[in-house]
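Colleague: coords below, sequence missing:
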């Protein structure tokens, strides 16, 4: 199938779907809602999910090219697992083989037998429960947006926003994998130590400056052995797919604790990811050159540079944040968009992040998650967190209903989206990454 040309599906809701057309078919983990079924792997197609484990059981992946039949069979068998980890561990060739077979099965001109059988493997997304797509063993969050780093740095160091290492090395910290939750999970307002500039000593209580961070996440497919490295030219083969990521942040707790060792309790209470993992094949028509570096910026060191990454290391993805307050829900008003940015504004690519992560011999494993860090652009309305949008809460945003927000209030729901579209190619999306704030248990 030509990835550059829109193709129709016999699943009619997929044709023209804003997120899950046949050009996309992202992978996730689901089961029928209110059932005791085992979670398993499926792909989103229009308003439905194609149950890949059911397709495998029905023999729909038994044919095809003999040269890839074995790898296709192993990939299809992995879809009975309650996470994508087993499929990811098989590598990019297995993913491509399975995706190609799925596209053939779902296209408008599919065989009558395949179509009739696959219809019984469709589950409406409305009737499905979605799970974390991956059991994340390790989670590393980077700081890859130079605009975000500059905006935040200027709040604390107006004359020298960026620290000297920023343009030389992808900065990151190790996050908490156990508190990664799927979209739709409510997030409890965290408590912790906070000390305002005029406070004589710190106090303990609920965060008063709760924030979101709009990010993309990249999953590792196949990793590397302890002590080995991953060359930048090979990094893309180790990246399995992308998701949306909200790295919830308690800014007042963060400001007090982050020196000298960096983020801790201000970050590890929850991180939300979207349920669908978008593959490199779906993203291929939307690859783009890395953003040009400003005049005078250093070139990346040799281990962080490759012609292929310079030419296609970026993703032409629009990323958005939407907010719905309790008052808006009571009035039956829809969420309102409060920022819109582009993943092309990232200073470091995911290939560079992965290569740097493994450059000291750190062993990456299937299912590891790499976060981009907050994605912000040069304009005010492209800033990917309230810390930037509201200048640390000093300049609150005003919503259409007259409400204001410096930081998040209890009951607020944050919804993140991402999509790509291009003439002659169509559109793909990531679905939603959402979470609603619950009051702190400590009051």
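Modeller: Looks like it came in fine. No experiment lies behind these values; they were computed from the predicted model shown.

Colleague: Spatially, what comes nearest to residue 196 if we skip its sequence neighbours?
Modeller: Spatial nearest neighbour of residue 196, excluding adjacent residues (CB to CB, 6 or more residues apart in numbering): residue 252 at 7.5 Å. Heads up, the C-betas are built off the backbone N, CA and C, glycines and all.

Colleague: Ignore what I typed, I meant residue 17.
Modeller: Nearest in space to residue 17, with sequence neighbours left out and distances taken as CB to CB, 6+ apart, is residue 46 at 4.9 Å.

Colleague: how does this protein divide up, domain by domain?
Modeller: 12-130, 139-438 (automatic domain parsing).

Colleague: Need those in CSV (columns: mean pLDDT and mean neighbour count).
Modeller: Listed next are the domains of the chain as CSV, based on pLDDT from 0 to 100; neighbours: other CB atoms under 10 Å:
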stretch, mean pLDDT, mean neighbour count
domain 12-130, 95, 19
domain 139-438, 96, 19
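
Colleague: Provide a list of residues in contact with the residue nearest to residue 17.
Modeller: 9, 11-15, 17, 20-21 (CB atoms under 8 Å, 6 or more residues apart in numbering).

Colleague: closest to residue 216 among those?
Modeller: residue 20 (17.9 Å; CB to CB).

Colleague: measure residue 402 to residue 52 for me?
Modeller: Applying CB to CB, to the nearest Å, the value for residue 402 to residue 52 is 48 Å.

Colleague: would the residue nearest to residue 196 count as being in a strand?
Modeller: No. Looking at residue 252 with DSSP: H, G, I helix; E, B strand; the rest coil, it is helix, so not inside a strand.

Colleague: what sits against it?
Modeller: 194, 196, 207-209.

Colleague: For residue 290, state which of the residues you listed is nearest.
Modeller: Using CB to CB, these come closest to residue 290 at residue 209, 33.0 Å.

Colleague: quick one, helices of this structure?
Modeller: For the chain, the helices defined by DSSP state H occupy 52-57, 66-77, 85-89, 92-106, 112-119, 146-156, 251-257, 280-283, 307-312, 326-330, 350-358, 386-389.

Colleague: between these, which one is nearest to residue 292?
Modeller: Across these, residue 292 has its closest neighbour in helix 307-312 (9.8 Å, CB to CB).

Colleague: what bridges to residue 429?
Modeller: Counting by DSSP bridges, residue 429 is bridged to residue 419.

Colleague: Now do the same contact list for it.
Modeller: 18-20, 24, 417-420.

Colleague: for residue 29, same thing?
Modeller: Residues near residue 29 by CB under 8 Å, 6+ apart: 39-42, 82-84, 130-133, 275.

Colleague: ok, so of those residues, who is nearest residue 319?
Modeller: Of all the contacts of residue 29, residue 319 sits closest to residue 275, with 17.0 Å by CB to CB.

Colleague: The residue nearest to the closest one when sequence neighbours are not counted and residue 371: what is the separation?
Modeller: The spatially closest residue to residue 275, leaving aside those adjacent along the chain, is residue 130, at 4.0 Å (CB to CB, 6+ apart). As judged by CB to CB, residue 130 and residue 371 stand 20 Å apart.

Colleague: The residue nearest to residue 275 is in contact with residue 181, isn't it?
Modeller: No. Counting by CB atoms under 8 Å, residue 130 does not reach residue 181; the two are 11.6 Å apart.

Colleague: coming back round to it: quick check: phi and psi at the residue nearest to residue 17.
Modeller: Dihedral angles of residue 46 (phi, psi; degrees, to the nearest 10) stand at phi 60, psi -130.

Colleague: Could you single out the nearest of the contacts of residue 429 to residue 219?
Modeller: Ranked by distance to residue 219 (CB to CB), the contacts of residue 429 are led by residue 418 at 15.1 Å.

Colleague: quick one, what contacts that closest one?
Modeller: With contact set as CB under 8 Å, 6+ apart, residue 418 has these partners: 216, 244, 317-320, 343, 429-430.

Colleague: could I get the residues you listed as JSON lines with distance to residue 364?
Modeller: Supplementary listing: these in JSON lines, determined by distance: CB to CB, whole Å:
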{"residue": "216", "distance to residue 364": "17"}
{"residue": "244", "distance to residue 364": "21"}
{"residue": "317", "distance to residue 364": "23"}
{"residue": "318", "distance to residue 364": "29"}
{"residue": "319", "distance to residue 364": "25"}
{"residue": "320", "distance to residue 364": "30"}
{"residue": "343", "distance to residue 364": "22"}
{"residue": "429", "distance to residue 364": "27"}
{"residue": "430", "distance to residue 364": "23"}
